[in-house]
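**Q** Whatever this is, show me its structure:
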Amino acid sequence: MGTIRLLYDKGLLFNKTQEATDTIQANLATNGWLNAKYGDYEAVRTHGQQLKQQMKDYVDKIYQINKPLKHHFELIAE
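**A** Numbering: from 1, shown residues only. Here you go, the predicted structure:
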């Protein structure tokens with residue numbers, strides 16, 4: 001069972017409380033997937049706002065480089 005299912009079953013999905021962290025830590029020894037992904041979970045939990053800002057910066061940079069064009073189409077009835 002992965003992190004999402006574990007937290008969902010306990011009503012803790014998208015919950016950044018200590019209870020959610022304790023639940024995952026209690027299952028680390030018995031669940032290899034949780035053990036492998038715990039570092040990623042903690043990074044998102046503790047640095048979530050920084051990651052959101054970083055993703056926004058990447059998107060803004062992509063749009064700045066690509067300079068997307070807006071196209072305008074006019075339909076003319078005959």
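**Q** give me the low-pLDDT residue ranges for this structure?
**A** For the chain, applying pLDDT under 70 flags the ranges 1-3.
**Q** Quick one: the helices in this structure, in order.
**A** 3-9, 18-27, 32-66 (DSSP state H).
**Q** For the most centrally placed residue in the chain, which non-adjacent residue is spatially closest?
**A** For the chain, residue 44 is the residue whose C-alpha lies nearest the centre (Cα atoms, centre = their mean; 7.2 Å). Counting by Cβ to Cβ, 6 or more residues apart in numbering, residue 51 is the residue found nearest to residue 44 once chain neighbours are left out, at 6.4 Å. (C-beta placed from N, C-alpha, C; glycine too.)
**Q** what residues are up against residue 29?
**A** Counting by Cβ atoms under 8 Å, 6 or more residues apart in numbering, residue 29 touches residue 35.
**Q** my bad, residue 62
**A** Counting by Cβ under 8 Å, 6+ apart, residue 62 makes contact with nothing.
**Q** one more time with 10 Å
**A** Residue 62 is in contact with residue 68, counting by Cβ atoms under 10 Å, 6 or more residues apart in numbering.
**Q** What of the one 4 residues further on?
**A** Residues touching residue 66, when contacts are defined by Cβ under 10 Å, 6+ apart, are absent altogether.
**Q** so how far is residue 30 from it?
**A** Distance of residue 66 to residue 30, given as Cβ to Cβ, to the nearest Å: 47 Å.
**Q** With that, I have no additional questions.
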